[in-house]
Each structure stands twice: as structure tokens, then as C-alpha cells.
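**Q** Coordinates for the following, if possible.
(one chain, ligands or ions: 2)
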Amino acid sequence: MEGVDHLAHERNKSEFDVDAMKIVWAGSPHAFVVSDRISKLVASDPGFRKDNRSTLSRKELFKNTLRKAAYAWKTIIDLHLSEEEAAKLRFYVDEPAFTDVHWGMFIPAIKGQGTEEQQQKWLPLAYKMQIIGCYAQTELGHGSNVQGLETTATFDPQTDEFIIHSPTLTSSKWWPGGLGKVATHAIAYALLIVGGREQGVHGFIVQLRSLEDHSPLPGMTVGDIGMKFGNGAYNAMDNGVLRFDHVRIPRNQMLMRCAQYTCLCMPSDAKLILEPCILIRVSQVTCEGKYKQSDVPRQLVYGAMLYVRQTIVADASCALSRAVCIATRYSAVRRQFGSQNGGPETQVIDYKTQQSRLFPLLASAYAFRFVGEWLKWLYADVTQRLQANDFSTLPEAHACTAGLKSLTTTATADGIEECRKLCGGHGYLCSSGLPELFAVYVPACTYEGENTVLLLQVARFLMKTVSQLGSSKKPVGTIAYMTRVEHLMQCRCGVQRGFAELSADLVEAAVAHCQLLVVSKFIEKLQQEIPGKGVKQQLEVLCNIYALFLLHKHQGDFLSTGCITPKHAALANDELRSLYSQVRPNAIALVDAFNYTDHYLGSILGCYDGNVYPKLYEAAWKDPLNESVVPDGYHQYIRPLLKQEIRTARL
Ligand SMILES: CCCCCCC/C=C/C(=O)SCCNC(=O)CCNC(=O)[C@H](O)C(C)(C)COP(=O)(O)OP(=O)(O)OC[C@H]1O[C@@H](n2cnc3c(N)ncnc32)[C@H](O)[C@@H]1OP(=O)(O)O
Ligand SMILES: Cc1cc2nc3c(=O)[nH]c(=O)nc-3n(C[C@H](O)[C@H](O)[C@H](O)COP(=O)(O)OP(=O)(O)OC[C@H]3O[C@@H](n4cnc5c(N)ncnc54)[C@H](O)[C@@H]3O)c2cc1C
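**A** Numbers count the residues shown, from 1 in each chain. Ligands and ions are numbered 1, 2, ... in the order given. As a prediction, the model looks like this:
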């Protein structure tokens with residue numbers, strides 16, 4: 001029945017202050033207020049309706065996404081929303097679109113790699129959406145290997161311009177979100193060539209389309225790369241292909257924070273003679289001529305990826321918590337077997353197998369939330385240090401963002417699929433919200449750095465740390481614990497097989513390092529002041545589940561290395577079962593704490609009131625296939641079959 005809370009009995013079991021936990025999940029009382037208000041604003045506005053997405057064709061889906069993006073922008077302007085509120089609105093609209101890349105990559109790249117002048121010129125246009133940007137790095141032939149990119153940017157000293165060109169088919173830009181049909185500008189990554197010499201990959205701001213009629217500018221061949229995985233909402237994103245045919249851009253459209261070019265200006269008879277290189281900004285003309293890599297590490301060119309990777313960790317906790325919320329609520333609603341004397345069947349959430357699959361995912365959602373909070377702090381800290389030309393923590397920041405992005409996205413993608421399975425057959429319905437959530441989420445394991453490639457970066461960082469053990473350079477920060485392996489390294493320093501040969505094992509070590517990070521940041525969170533009755537206790541239970549589940553999952557490694565004994569392993573398993581029993585009465589309240597509206601969840605199985613069956617039944621009849629009792633095609637194909645009007649092969 002509508003209006004009845006079919007999960008009230010579950011909510012009454014809660015042993016902690018759910019409202020206080022909502023603030024812990026949101027990050028602060030202010031963040032909760034903003035989040036709560038904006039999520040309800042979006043949920044109550046029919047202009048942000050999303051329950052019909054699975055019935056739209058790709059072109060209808062794409063056009064509807066443009067409509068929503070424009071509507072969202074109008075809402076932001078009309079309501080004078082702050083940047084924080086606007087970001088929350090885009091989050092709760094929950095529609096993969098060009099705006100994700102405009103706000104999530106194009107703007108951060110200009111902020112991170114543009115000079116002051118370039119920021120002053122381009123950011124106001126981008127913030128007002130008078131230009132729409134995309135991040136065009138990946139090519140048909142290269143994505144992981146950035147230094148292998150083939151697009152060229154050749155400097156022409158005669159005209160003080162760069163010539164951007166796609167010399168080969170594989171140099172075609174391929175995948176950039178928003179590029180296919182919407183973006184007016186790109187930050188295009190290309191191999192810089194000055195005076196015939198290659199100077200590595202740099203970013204360039206390139207206008208793609210006319211701001212008058214949106215037609216591609218001369219020298220641009222641009223379009224969409226086609227349908228993507230599943231019929232999910234990610235097909236609303238116009239991931240594009242782009243080829244440059246000797247496109248000229250002014251010198252000042254190279255993102256120059258990371259590189260400068262000094263040049264000889266030898267005035268003779270009042271005429272400047274320019275060496276084949278680039279004039280840096282006039283105020284900085286010097287008496288030498290050479291390519292000058294700024295004293296910032298060239299990896300700052302990758303700065304936007306560092307930023308996005310840390311946001312992706314926070315996104316992982318959101319996506320996993322959505323799936324866990326759906327599966328937990330449905331597990332409390334669903335009853336199967338176990339009826340005693342005609343009484344109610346057993347709630348599937350009471351089965352130990354269901355708990356052993358579901359509750360580690362619930363714990364992971366909270367764990368990723370807190371490590372994401374810490375990573376956001378780490379990124380802000382390294383950014384602040386970079387402003388002061390302090391690059392000391394950049395390697396650690398790269399390793400942490402790369403490793404945690406890889407770990408959390410893999411666990412979340414697997415976790416969403418597990419939540420679908422936890423919901424049985426109904427989990428496979430689009431109305432469960434889980435198939436689309438999976439289809440939209442899984443590319444996170446690939447974009448912004450393919451997960452194995454990123455783990456290899458972590459492994460490289462760990463090996464570099466190990467190689468420095470015994471030297472005066474002591475490991476600090478997230479690798480301080482490695483001093484404890486120093487003795488191991490000394491006795492094993494003999495045999496050093498190649499990194500490549502051991503890379504599969506090193507990737508596992510990288511995962512273990514990142515898992516240690518997640519556990520340690522969860523523990524640090526618990527050492528903070530956490531208000532609210534029973535809130536800290538619940539988080540301690542979840543932290544212990546997260547850690548012990550890992551111990552259980554990898555007990556082979558722990559046993560084989562002598563870190564634990566078989567008795568320890570047995571004790572850990574016993575404790576896990578006990579912890580699951582402690583979570584059970586609080587499970588619904590723990591997912592209520594995510595404070596997701598039914599609109600945002602987009603799931604009948606996960607609806608707040610648990611009134612699942614009537615909603616499933618009602619939703620079925622809305623499917624276009626049910627618009628007619630006799631299906632299209634009956635008379636053409638089925639009736640001849642039934643009436644044996646089609647010659648059938650001899651049976
Ligand atoms: C909220 C927005 C949502 C957006 C939706 C999703 C949109 C998706 C967008 C994209 O996918 S954009 C394209 C993403 N592409 C990638 O992530 C490419 C991945 N590849 C790389 O990052 C690099 O190619 C590499 C794998 C790191 C290798 O780089 P390279 O060959 O240049 O260097 P190495 O020899 O491996 O390392 C040299 C040195 O540099 C350090 N380093 C590498 N990357 C970084 C970094 N990002 N920041 C800081 N430092 C970095 C590396 O550790 C090495 O250091 P040393 O060991 O020499 O000290
Ligand atoms: C939905 C989506 C959106 C995207 N949006 C953008 C965007 O907006 N802008 C943009 O520029 N790009 C974008 N991309 C591209 C994305 O960044 C790349 O696909 C990603 O970086 C992976 O690179 P790749 O495709 O070259 O994978 P590859 O590197 O070709 O991976 C293939 C396999 O090779 C393995 N491999 C590669 N190198 C090594 C190595 N050295 N050692 C061991 N194994 C290795 C990988 O682990 C993987 O298993 C997007 C991609 C997707 C799917």
C-alpha cells in the first residue's frame with residue numbers, strides 16, 4: 001500500500017542515531033544540508049525525470065541529455081546556486097554528459113596547467129559556459145601510453161603559431177567525452193616539435209567548432225565513435241573522434257605552466273631575428289635561445305589526471321553505496337523459504353550467505369568514503385605545495401591517486417554486479433536500477449588510467465622506495481611502514497629479476513599497499529570525534545568487517561608469509577560472522593544514512609518504503625511492448641507460423 005513503510009520494522013531495530021550518521025556520510029553538517037536540499041530539489045522537478053531512459057533510442061537519449069543539461073544550467077542560474085550547490089545538482093541529475101568533462105576535466109586542466117594569463121582568458125568563458133570544453137588526450141592508437149601520442153604540434157616561428165596535425169590514422173583523437181557533437185573547444189594533447197626537435201607531450205587549447213553555428217572549423221574532422229557497452233545512459237555521452245588537418249593556433253594557446261620556450265631576439269637594423277623557437281611572454285624575453293623545461297616536473301602535464309583520479313575515488317563510494325542501498329533494502333523485503341507452520345518465509349537478509357556477500361560491500365562503501373576524504377585532502381595539500389614549487393610529495397600523490405582509483409573502481413564495479421546477483425531475477429530488470437548503474441560505472445576501471453597500468457605505477461613507486469631502503473632517505477607518509485621490510489631487502493638483495501618479469505606479483509603488492517591505505521584511513525577516521533549515539537560503534541564494526549574480510553579473502557598470502565597462523569585465520573572467520581550479526585539489525589539504517597532519494601536511486605527494489613511488488617507490477621505495464629495486447633509482428637511472422645503457412649523443415 002502506498003504511504004506505508006514496509007521497512008519500518010527494520011528501521012525500528014537501529015541501534016544508532018541515523019541522522020548523525022547522515023552527517024558523517026555527507027562529511028559535515030553543512031555538506032549534509034546542501035546535499036539534502038539539492039537532492040530533493042532535483043527529485044521533485046519533473047524536468048529531471050530519468051525513469052524513461054531505457055526506452056529511448058540513442059538519438060532521443062542524447063537529445064534528452066542536452067535538454068537536461070540546459071535545464072540544469074538554467075536552474076543553477078535562476079536559483080543563483082553556488083559552485084558547490086551546482087556541482088551537487090549535476091551529481092543528483094545523474095546523467096553522464098558533456099558537462100562531466102567540461103567541469104571535471106577541461107576546467108581543472110586549465111587551472112592546473114595554464115599560466116595566469118591563460119587562466120584569466122579561458123576560465124571566465126568556461127565558467128559561464130560560453131565555451132564547452134573536452135579533454136582530448138587519448139587516440140585511436142594510444143591511451144595508456146601518453147608519451148606515445150602521435151598528434152603533432154609544430155611551432156611556426158614565421159607566424160608565431162602551432163600547427164596541430166593528425167599525421168596517421170592512429171593519431172586520431174578517440175574517446176574524449178563531449179567531443180563527438182557538443183564541445184566547442186578541446187584541450188588537445190600533442191607532441192610538441194620546435195625547430196625540428198621533439199619536446200614531449202603538451203596540452204593545447206584548440207577551438208573545434210564555430211560559436212556561431214556550431215559547425216566544425218576548417219581542418220577539423222569530428223564525430224561520435226558510436227554505441228557503447230549496454231544500452232545504458234553512457235550512450236548519452238558523445239565520446240568522439242577528431243582528426244586535425246594542419247590546424248593553426250596562436251602560440252599563447254599552449255598550456256605553458258609546465259614548459260617555457262626562451263628565444264634569442266637579436267635586434268638588428270630594428271628588425272627582430274627569431275631563432276626557430278618560441279618567444280615566451282614578452283616580459284620574459286631573455287638573451288638565450290633554447291627549449292626550457294620549467295623547473296616543475298614534466299609530469300605536471302598529467303596534473304588533470306591526478307585531480308580526476310581523486311574525484312573518481314569519491315565517486316566509487318557513491319556508486320557502491322547506491323548499489324548496496326538497493327540490495328540491502330531488497331534483501332530485507334524479499335522472503336524466500338523457511339516458513340514455519342504457515343508463518344512468513346525467511347527474509348533473505350537473514351541468510352548468512354547473503355550477509356557474507358552483502359555486508360563487506362556495505363563496509364567497503366563506508367571505507368571508500370573515508371579514504372576518498374583523505375585523498376581529497378592529499379590532493380589539496382600537494383596542489384598547495386606545487387604553488388610553492390615544493391614537489392616533494394608529488395610522487396606519493398601520484399601513487400596514491402593511481403592506486404586508490406584502481407582499487408576502488410575495480411571493487412565497485414565488481415560490487416555493483418554482486419548487488420545485482422544479490423537481488424536474484426529482479427536485479428536483472430532495468431527498473432531495479434542495477435543494470436544501468438553497472439553499465440554506466442564499469443568504464444571507470446578503464447578511463448582516467450587503465451587499472452592495471454595504474455597499479456604498475458604504484459608498484460614502480462614501491463620498488464623505488466625499496467631500492468632506497470638502507471640509504472639516508474627514509475620512507476615517510478603512506479610508505480613509512482616499509483622501513484619494517486628493510487631487513488628483508490638486505491638478505492634478499494642478491495637476486496633481482498626484472499620488473500616486467502615480476503610485474504604480476506608486483507601488481508598484487510600494489511593492491512595490498514592500497515588496501516592497507518584504505519584500512520589505515522578508516523582507523524584514522526575512527527580516531528576523530530564522531531558525534532551521535534552508537535555512530536562510532538557502528539563504524540568500528542564496519543571497519544573491522546572491511547579489514548577482516550580482506551584477511552579472510554587473502555588468508556593464503558597471510559598464512560604463507562607467516563603473518564598469521566591457521567588459528568588466527570579461524571578466529572578471524574569466527575569474528576566476521578559475529579560482526580555480520582552485529583550489523584544485521586542496523587543494516588537498513590546504515591543505508592538510510594546515505595540519504596538517497598528514490599529519484600536518485602532509480603530503483604523499485606531499493607525504494608525507501610520497501611513497497612516493491614506493487615511497484616514492479618505497475619512498472620511492467622508501462623513498457624512500450626505492452627502498448628498493444630497483440631504485439632507488432634504477430635500477423636506478419638507469428639500467425640503464419642501457427643497456421644503452418646510457412647513450409648517448415650521436416651522435423
Ligand atoms: C569527474 C570527471 C569524470 C570524467 C569521466 C571520465 C572521463 C575520462 C577521461 C580520460 O580517460 S582522460 C585520459 C586518461 N588517460 C590516462 O590516464 C593515461 C594513463 N597513462 C599515464 O598516466 C601515463 O602514460 C603513465 C602510465 C603514468 C606513464 O607515463 P610516462 O610514460 O610519462 O611516465 P613513466 O616513465 O611511467 O613515469 C615517469 C615518472 O613520472 C611519474 N608520473 C607519471 N604520471 C604521473 C602523474 N600523473 N603525476 C605525477 N607523477 C607522475 C612516474 O611516477 C615516474 O616517476 P619516477 O618513477 O621517474 O620518479
Ligand atoms: C567511457 C570512456 C570515456 C573516456 N573518456 C575519455 C576522455 O574524455 N578523454 C580522453 O582523453 N580519454 C578518454 N577515454 C580513454 C581512456 O582514457 C583510455 O581508454 C584509457 O586510458 C585506457 O587506455 P587504452 O584504451 O589505450 O588501454 P590499453 O593500454 O590499450 O589497455 C589494453 C590492455 O593493455 C594492458 N597494458 C597496457 N600497457 C601495459 C603495460 N605497460 N604493462 C602491462 N599491461 C599493459 C592494459 O592493462 C589492458 O589490459 C575514455 C574511455 C572510456 C572507456
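
**Q** Show me which residues of this protein are close to ligand 2?
**A** Near ligand 2, the residues belonging to the chain are 101, 135-138, 143-144, 175-177, 239, 443, 446-447, 449-450, 452-453, 456 when assessed by Cβ under 6 Å from any ligand atom. Where C-beta positions appear, they are placed from N, C-alpha and C, glycine not excepted.

**Q** Apply 5 Å and report the result again.
**A** For the chain, the residues found near ligand 2 under the criterion Cβ under 5 Å from any ligand atom are 135, 137-138, 143-144, 175-177, 443, 446-447, 450, 452.

**Q** of those residues, buried ones?
**A** Among the residues of the chain next to ligand 2, those buried by neighbour count (16 or more other Cβ atoms under 10 Å) are 135, 137, 138, 143, 175, 176, 177, 443, 446, 447, 452.

**Q** isn't the fifth one right up against residue 138?
**A** Yes. Checked against Cβ atoms under 8 Å, the pair residue 175 and residue 138 is within contact range at 4.5 Å.

**Q** Report all helices and strands that the strand or helix carrying residue 125 contacts.
**A** Assignment of secondary structure by DSSP states H and E places residue 125 within helix 116-127. On a contact count with 3 or more Cβ pairs under 8 Å, 6 or more residues apart in numbering; DSSP states H and E, helix 116-127 meets helix 107-113.

**Q** Need the contact partners of the helix it packs on.
**A** The contact list for helix 107-113, computed with Cβ atoms under 8 Å, 6 or more residues apart in numbering, reads 118-119, 122-123, 126-127, 133, 135, 187, 203, 205, 255, 257-258, 300-301, 303-304, 307-308, 383.

**Q** Roughly how far does residue 253 sit from ligand 1?
**A** Separation of residue 253 from ligand 1 (Cβ to the nearest ligand atom, to the nearest Å): 20 Å.

**Q** same thing with residue 577?
**A** For residue 577, the distance to ligand 1 equals 39 Å [Cβ to the nearest ligand atom].

**Q** Kindly report the same for residue 378.
**A** 13 Å.

**Q** Test my guess that that residue contacts residue 398.
**A** No. Using Cβ under 8 Å, residue 378 is not in contact with residue 398, being 10.6 Å away.

**Q** Who has more neighbours out of these two?
**A** residue 398 (23 against 19; other Cβ atoms under 10 Å).

**Q** Would you mind giving the secondary structure of the residue in the chain positioned nearest to ligand 2?
**A** Among residues of the chain, the one nearest ligand 2 by Cβ to the nearest ligand atom turns out to be residue 143. It sits 2.5 Å away. State at residue 143, reduced to three classes by DSSP: H, G, I helix; E, B strand; the rest coil: coil.

**Q** so it touches residue 450, yeah?
**A** Yes. With the criterion set as Cβ under 8 Å, residue 143 and residue 450 qualify as a contacting pair; they are 7.3 Å apart.

**Q** Please tabulate the buried ones among the residues of the chain next to ligand 2 in JSON lines, including the columns pLDDT and distance to residue 212.
**A** Supplementary listing: these in JSON lines, determined by pLDDT from 0 to 100; distance: Cβ to Cβ, whole Å:
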{"residue": "135", "pLDDT": "97", "distance to residue 212": "24"}
{"residue": "137", "pLDDT": "98", "distance to residue 212": "28"}
{"residue": "138", "pLDDT": "98", "distance to residue 212": "29"}
{"residue": "143", "pLDDT": "98", "distance to residue 212": "33"}
{"residue": "175", "pLDDT": "98", "distance to residue 212": "28"}
{"residue": "176", "pLDDT": "98", "distance to residue 212": "23"}
{"residue": "177", "pLDDT": "98", "distance to residue 212": "24"}
{"residue": "443", "pLDDT": "97", "distance to residue 212": "34"}
{"residue": "446", "pLDDT": "98", "distance to residue 212": "36"}
{"residue": "447", "pLDDT": "97", "distance to residue 212": "32"}
{"residue": "452", "pLDDT": "98", "distance to residue 212": "45"}
